[in-house]
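Undergrad: give me a model of this one.
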Amino acid sequence: MTDTELHPAPHEVEDELDEDDRMRPEFVRAVLDAVETGDHAAARALVEPLHPADLADLFELTPQPERAALAHAVAGELDAEVFAEMNEHVREDLLDALTPGEVATLAAEMDTDDAVSIIEDMDEDDQRAVLRALDPDDRAAIEEALSYPEESAGRLMQRDLVAVPEHWTVGDVIDYLRRQEDLTTDFWEVFVVDPGHKPVGTCALSRILRTARSVPVAEVMQREQTLIPTDMDQEEVALRFQKYALISAAVVDASCRLVGMITVDDIVHIIQQEAGEDTLLLSGAGEGDINEPIRRTVRSRLTWLVINLGATMISASVVGLFQGEIARYALLAVLMPIVSAMGGNAGTQTLAVMVRALATNQLTSSNTLRMLGREFRVAACNGAALGGVGALGTYLIFGDPKLSAVFAAAMVINSLVAGMIGVVVPVALDKADIDPAISSAVFVTTVTDVMGFLSFLGLATLVLVP
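TA: Next up is the predicted model:
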């Protein structure tokens, strides 16, 4: 077999992506084989047609020990845009191999928000070294962004925007846009400001292009606008974009002066990040990133597994209170896990709905009682249905009407408890300024397990055990 057969030339690899826009394994292998054999020209030729986001995906699909070699081979294609699209853990691996000056060069080519996302995760000493290597304007912008809280609008915003005074005409704006070569190229509206640089309105580019040059901007701008404070949490920012169908929005400081803008492309990333984060937090899986270092993954998961072990021990202690009754009536040991498991499932369903409702501002103080009543009715209906089906199955299998009745009653009780606790716990945690996605699941499963065992074994002790 020839070397050409082992390592296909660039033109012999048909398509980089499959029909679902996922990178083909054979393409990834072809690139890595070229890197391994030292054929950097072939590797560069393979990756040259890739979009920056696809090149970032290639690095994520590359095993960690091989990433540095790949980066060296395709260094000419590895620009700021690729780093901006890259998974944060993969990016950290590559940045560790760069000098502060090289990182500063990349940061200077990025939008401020992307540069901040790179620098904020560095060690303090590395941060200072990179900031020193930046030119004064870029350094000032990034230092200002880093002064805002993490996951806030101040960290998320871009500093490059177009702002014009209210007294200009449409013609003045058009001439300004054409004359200023250093203006940002990615914007959809022009912000109109007063002499104190406070936003007084916005004007969409489409409206500027369709309006006569002599018309004052004040006559065509939209005065109603959504202003985003620099300290607003990024999740709340995303909700405002969704609620008001925004493409971009002005970010203002404590004095209501215009300091930046947020665009919808940043919000799409935030919505995806927050949605995935809540799901993972409910399961106690930490960040859930497959590129996350194993030690960090073990630490984040093990913490919640230990907490769940403690909760399980509490449930087991309840069962221990009835060990004599279980010994005399062995069928109780067969059925009690079913009551507990069904309560846990019902509670998890309610909890997921409530956490989502809190995250999207659908659940507020004004409708909490109504939601509690709604979930009580849902739990009652589900409990009655499950209890009826469970009682019938229990009777057909064991032929004991009293056992069937106890099983049905316990199912109803635990379903009601699950419905109530699934609402009360996340709401209470939210009121206490604790993220309900983080700790709700432990409380809900513990309560439903304890109540499932207590209701079933307690009723059985009263009705069945002599």
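
Undergrad: tell me who's in contact with Leu58.
TA: For Leu58, the contacting residues are Met23, Val28, Val31, Val47, Leu50, Leu70, by C-beta atoms under 8 Å, 6 or more residues apart in numbering. Just so you know, the C-beta spots here come from the backbone N, C-alpha and C atoms, and that holds for glycine as well.

Undergrad: for Thr297, see how far away it is.
TA: 23 Å (C-beta to C-beta, to the nearest Å).

Undergrad: using a markdown table, please lay out the contacts of Leu58 together with neighbour count, secondary structure and distance to Asp182.
TA: Listed next are the contacts of Leu58 as a markdown table, based on neighbours: other C-beta atoms under 10 Å; DSSP: H, G, I helix; E, B strand; the rest coil; distance: C-beta to C-beta, whole Å:
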| residue | neighbour count | secondary structure | distance to Asp182 |
| --- | --- | --- | --- |
| Met23 | 19 | strand | 36 |
| Val28 | 16 | helix | 39 |
| Val31 | 27 | helix | 36 |
| Val47 | 23 | helix | 31 |
| Leu50 | 20 | coil | 29 |
| Leu70 | 23 | helix | 34 |
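
Undergrad: mind listing the strands in the stretch 301-450 of the chain by residue range?
TA: Applying DSSP state E, counting those that start in this stretch to the stretch 301-450 of the chain gives no strands.

Undergrad: elements contacting whichever strand or helix holds Cys203?
TA: Cys203 is located in strand 199-204, with elements delineated by DSSP states H and E. The contact analysis (3 or more C-beta pairs under 8 Å, 6 or more residues apart in numbering; DSSP states H and E) places strand 199-204 against strand 189-193, helix 217-220, strand 248-252.

Undergrad: can I get the ones you listed in CSV including distance to Asp435?
TA: Formatted as CSV, the helices and strands packed on strand 199-204 follow (distance: least, C-beta to C-beta, whole Å):
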stretch, distance to Asp435
strand 189-193, 33
helix 217-220, 43
strand 248-252, 24
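
Undergrad: just to check, Ile118 is in contact with Thr105?
TA: No. Look at Ile118 against Thr105 with C-beta atoms under 8 Å: they stay out of range, at 11.7 Å.

Undergrad: what about Leu335, distance to Phe453?
TA: Distance from Leu335 to Phe453, by C-beta to C-beta: 11 Å.

Undergrad: quick check: closest non-adjacent residue to Ile271.
TA: Of all residues not flanking Ile271 in the chain, Ala238 sits nearest, at 5.1 Å (C-beta to C-beta, 6 or more residues apart in numbering).

Undergrad: that neighbour and Ala53, how far apart?
TA: The value you get for Ala238 to Ala53, if C-beta to C-beta is used, is 20 Å.

Undergrad: and those two? Which one has more around it.
TA: Ala238 (25 against 13; other C-beta atoms under 10 Å).

Undergrad: tell me which element the more buried one falls in.
TA: helix 234-244.

Undergrad: need the residues that contact that helix.
TA: Against helix 234-244 from outside (C-beta under 8 Å, 6+ apart): 151-153, 155-156, 226, 228, 246, 249, 262, 264, 267, 270-271, 274, 359-361.

Undergrad: now swap in stretch 191-208 and tell me
TA: For stretch 191-208, the external contacting residues (C-beta under 8 Å, 6+ apart) are 161-166, 170, 173-174, 187-190, 217-218, 220-223, 225, 227, 250, 252, 255-258, 261.

Undergrad: then stretch 158-173?
TA: Outside stretch 158-173, the residues touching it (C-beta under 8 Å, 6+ apart) are 111-113, 141, 145, 176-177, 183-184, 187, 190-195, 197, 199-201, 203, 208, 211-218, 220-221, 250, 258-263, 266.

Undergrad: Asp160 belongs to a strand?
TA: No. According to DSSP: H, G, I helix; E, B strand; the rest coil, Asp160 belongs to no strand; its state is coil.

Undergrad: return the backbone torsion pair for it.
TA: Dihedral pair for Asp160: phi -80, psi 110, per degrees, to the nearest 10.

Undergrad: circling back to that earlier point, quick one: the strand holding Cys203 to strand 248-252, angle?
TA: Counting by axes from the mean of the first three to the mean of the last three C-alpha atoms, to 10 degrees, strand 199-204 points 160 degrees away from the direction of strand 248-252.

Undergrad: how far out from the middle of the chain is the next helix or strand after strand 199-204?
TA: Toward the C-terminus, strand 199-204 is succeeded by helix 205-209 as the next helix or strand (DSSP H and E). Remark: helix 205-209 is offset 34 Å from the chain centroid, using C-alpha atoms, centre = their mean, to the nearest Å.
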